[in-house]
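**Student:** Need coordinates for the below:
(2 chains)
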Amino acid sequence: MASSSPLSDTLLRRLLLIGAGVVICLVLLPVLGMVMSAGQPTGLVTPPPVSFSRLLPLIGRTLALALLVSGLSLALGTWLAWATVKSRYLGSRLLAQLGILPLVIPSYLLAAILREELAPRGVLGELLGTQSAFMGFSASVFVLTLCCTPYVQLLVVASLRSLPASEDEAARSLGAGPWRRFTRLAAPRLRPTWAFSLALVALYVVSDFGAVAVLDCEVLTWELYKARGASDAYRIGLGILVCALPLLALIRLLQGQAHPDRHQGAARAASPAPLLRGWPLLLAYLSHLLMIGIGVAIPVASLMGWVLDGIEHQANFAAIGAPLLTTLAYATLGAALVLLAALLPAAASSRLPKHSAWVEHGVFATSSVPGILLAFGILHLVLYLERNLPIAAAGQNLWSWLEGGSVFLLLGYIMRFLSQGYAAAKPAIVQVDTRLVDAARSLGADTLRRIRTVWLPSMAPGMLAAYMLLFIAVAKELPVTLMLLPAGKQTLAYRIFDGQSEASLPDVGLAGLLLLAAALGVQAALSRWRRYAH
Amino acid sequence: MPTEPLSFRSVGHSYSGPAVFQEVSLSVAAGELVSILGASGSGKSTLLRAAAGFVTPTQGTVLINGAEVARDGQEKLPAEQRRVGMMFQDYALFPHLSVADNIGFGLHRATNATQRIHELLELIGLNGLGERRPGELSGGQQQRVALARALAPRPSLLLLDEPFANLDGPLRFQVGRQVVEILAREGVGGLLVTHDREEALGLSHRVAVLGATAPGPSTLLQIDAPEQVYNSPNSVTVAQLTGRVSVLQHSPQTCLLVRPEEASFVSADDGQARVTARRYCGGGWELEVETSQGSLLIDQGPENPPAVGARGEVQFQTERIAPNQPR
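**Tutor:** Now for the predicted structure:
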């Protein structure tokens, strides 16, 4: 006889829906904070007023940056994807894998390194004979293109691989050379992927804070940070929303179309691709050199050089100990909270198909608010609450106490990485074999026992992988950390941002190497794990 | 003397390991359809792709219209310059192009492309459907579009990689016959890869059997007219690949190959043979009979089939002897 269920399925469904709704409603908090900030000077800094005449050029410059980076990343990413998927040359596989490594380097770190190395007195600057500092708009275009190209490359590679190999062979048998196969066969099929990539990269650029801050590029996110104390800073926030929301809508619209049809690709294994020769081969190697040399090798070499320089000059590396511990603590806790929060909408969306659409849209909307805007909104909400709704707790204002206890920072992490957690948690839930659940049910297991004995063990590997990725994401996070970290504390990302502005390069080197080592370690572990699992 | 559209000379290939096949020599004449029959993994598709230029064979020479296109692992002419038509198992039609654009894909520099497209649409009986997308056509129609596309640049050779595998029985032979007729009309040589022996025997002028009589790489075991390959297989493997056959012990060195339709069972209480199983196959019965030389299949008429366990004698209409093969 089945045991009586302390938690009925209906109740569980309701709880899931309510939980998912609450999590998604978090999106309203920064908006609320932005509204609260209107006309409320914070006294944090004394910034210049934000007039509309200043705002319009800022929006124009932000959009121009997004457009340029998207276009360049699209061209470079597509070329690299085409070269590595549709042709063969010495080392192409290895180079393709190394070429996506810039993904693990945060944009602020890459910007800081290239700013130093390409300065007139930097190693590369002296080599190239540069006359001016590597700063501003064009430097940001360069750095962000390096950061975004691997995203485009991965998407285009997936799309190209989804095209049946026999189509390409048919075209070759009909006399079509590489250019004609690209323009007539691949290009028309890549359009949805290109559109999706353009929107994705544009949103990344509009939301980016790290590179533009380090390179002092006057765009919306950096200006919002500088003007965060002004009573009319919300106008810049609105400007960011004006730029980001259409891109977000476009991404959601294109997401389904851009995903390649895997069944087509599985039709037949591809025959060996033709050998790349002549100038296309030279161009391919040059592109790899740019991506791997400037995007990976130089940054790693620079960081190591700065650390060695610090050792030589007896720099006090012990100062990195505290940021390292803080980073570990926040990343450990933050990743767990994000994953827990993501579980509710992920479970609601996968187990309750009727509600799947709104849950998914809500999750992505929550996480698509640019980090700096999210942090700005939460910061102003806290300031408003401290001033206008003071509640005494533990001998001080409750809101200040919560702020000091990092509650708002962790809330910011949850909002920032909710969609990442959701994207990782949902497959873990979907892949649970429902026949096992039915078997447990037929053996009398109630809802809680089924969760404990079937759901959780089945989901554990996927959730662990998701946790590791979130851990790295939180550890590298900059804008939310900069704005909401309790006073007196620093994370590694914070230390890098501070260190580069103070030209404290040994610190930046060590902190950067620690972050990179952690990111690469997690990626390598996951990659080995996936290979083992398959 | 006209040159042959395709010629393999001592061709062999290995994919970074043991050879898949070796010493394959065969040629295809203009207007002739040659089928390659072989078990899975025998390398028949690889051989076809070597002709197309998608694989460069590690040994031997491939000639197209008398010109060397590959020799001993060296590609002399890339696939896109060989002007060889190819039909794929999944048709490989370009889904984003119309039927007419698909057919005209190989004609982009031709002056009379539009006329040729119309000609081919008429040839395959799809007039008026030129603006449709491949997805809007039936399987048989798609198949014919794939044929028209391959024939559009007037290749002298057409390679067919199991192109009828996705079609149902009656349609399969109907489309197959059309392809053979069109090849003959256009004077195009064809090389068909198939694992379906009925297709190979029923459609082609010659059948090439690729396989191995002992563990190791495949070789070309026999190439002959279909009836010759079926009736006079030179090995057990060829007999098995070309139809149902029973292998009975004949002598320590040889065996007897018996097709089910070439033997009959006559009931007799003191007979040496015994029916161990029977199966109704529509037009008659298939009997499994145990004899002192081994077990064999017999096609028996529809009336008065012997019961399982019945004893009798087996009468052979032909005696076909082949060397024993290691199992």
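
**Student:** tally of neighbours for A:Leu12?
**Tutor:** 16 (other C-beta atoms under 10 Å in any protein chain shown). Quick note: C-beta positions are derived from backbone N, CA and C, even for glycine.

**Student:** quick one: it and A:Asp446 touch, right?
**Tutor:** No: with contacts counted by C-beta atoms under 8 Å, A:Leu12 stays clear of A:Asp446, the gap being 10.6 Å.

**Student:** helices or strands next to the longest helix seen in chain A in the packing?
**Tutor:** Across chain A, the longest stretch assigned as helix under DSSP state H is helix A:52-86. On a contact count with 3 or more C-beta pairs under 8 Å, 6 or more residues apart in numbering or on different chains; DSSP states H and E, helix A:52-86 meets helix A:92-99, helix A:136-162, helix A:187-207, helix A:220-226, helix A:234-258, helix A:278-288.

**Student:** Residue nearest the middle of chain A, spatially speaking?
**Tutor:** A:Ala473 (7.2 Å; C-alpha atoms, centre = their mean).

**Student:** Please give the element, helix or strand, for that residue.
**Tutor:** Counting by DSSP states H and E, the element that carries A:Ala473 is helix A:456-476.

**Student:** One more: B:Glu122?
**Tutor:** With DSSP H and E as the criterion, B:Glu122 is inside helix B:113-123.

**Student:** Show me what residue of the stretch 301-450 of chain A gets nearest to chain B.
**Tutor:** Distances between the stretch 301-450 of chain A and chain B by C-beta to the nearest C-beta are smallest at A:Ala357, namely 27.1 Å.

**Student:** quick one, what contacts that residue?
**Tutor:** With contact taken as C-beta atoms under 8 Å, 6 or more residues apart in numbering or on different chains, A:Ala357 is in contact with no other residue.

**Student:** would you list every one of the helices in the stretch 151-300 of chain B?
**Tutor:** Secondary structure of the stretch 151-300 of chain B (DSSP state H, counting those that start in this stretch): helices at B:169-186, B:197-203, B:226-231, B:236-242.

**Student:** same for the last one, what does it pack against?
**Tutor:** Applying 3+ C-beta pairs under 8 Å, 6+ apart, we find helix B:236-242 packed against strand B:33-38, helix B:197-203, strand B:206-211, strand B:219-224, helix B:226-231, strand B:254-258, strand B:320-323.

**Student:** who touches that helix?
**Tutor:** B:37-39, B:197, B:200-201, B:207, B:209, B:211-213, B:221-222, B:229-230, B:233, B:245, B:247, B:255, B:257, B:320, B:322, B:324-325.

**Student:** List buried residues within those residues.
**Tutor:** Those of the contacts of helix B:236-242 that meet the buried threshold are B:37-39, B:197, B:200-201, B:207, B:209, B:211-213, B:221-222, B:229-230, B:233, B:245, B:247, B:255, B:257, B:320, B:322, by 16 or more other C-beta atoms under 10 Å in any protein chain shown.

**Student:** follow-up on the earlier one: element containing the residue of the stretch 301-450 of chain A closest to chain B, please.
**Tutor:** helix A:356-368.

**Student:** gap between that helix and the chain center?
**Tutor:** Its chain's average C-alpha position is 16 Å from that of helix A:356-368, according to C-alpha atoms, centre = their mean, to the nearest Å.

**Student:** That helix to helix A:234-258, inter-axis angle?
**Tutor:** 130 degrees (axes from the mean of the first three to the mean of the last three C-alpha atoms, to 10 degrees).

**Student:** Skip ahead from helix A:356-368 and say which helix or strand is next.
**Tutor:** helix A:371-388.

**Student:** Okay, domains of chain B per the record?
**Tutor:** B:6-83+B:155-228, B:246-323 (automatic domain parsing).

**Student:** can you put these in TSV and add mean pLDDT and distance to chain A?
**Tutor:** Listed next are the domains of chain B as TSV, based on pLDDT from 0 to 100; distance: least, C-beta to the nearest C-beta, whole Å:
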stretch	mean pLDDT	distance to chain A
domain B:6-83+B:155-228	91	4
domain B:246-323	89	34
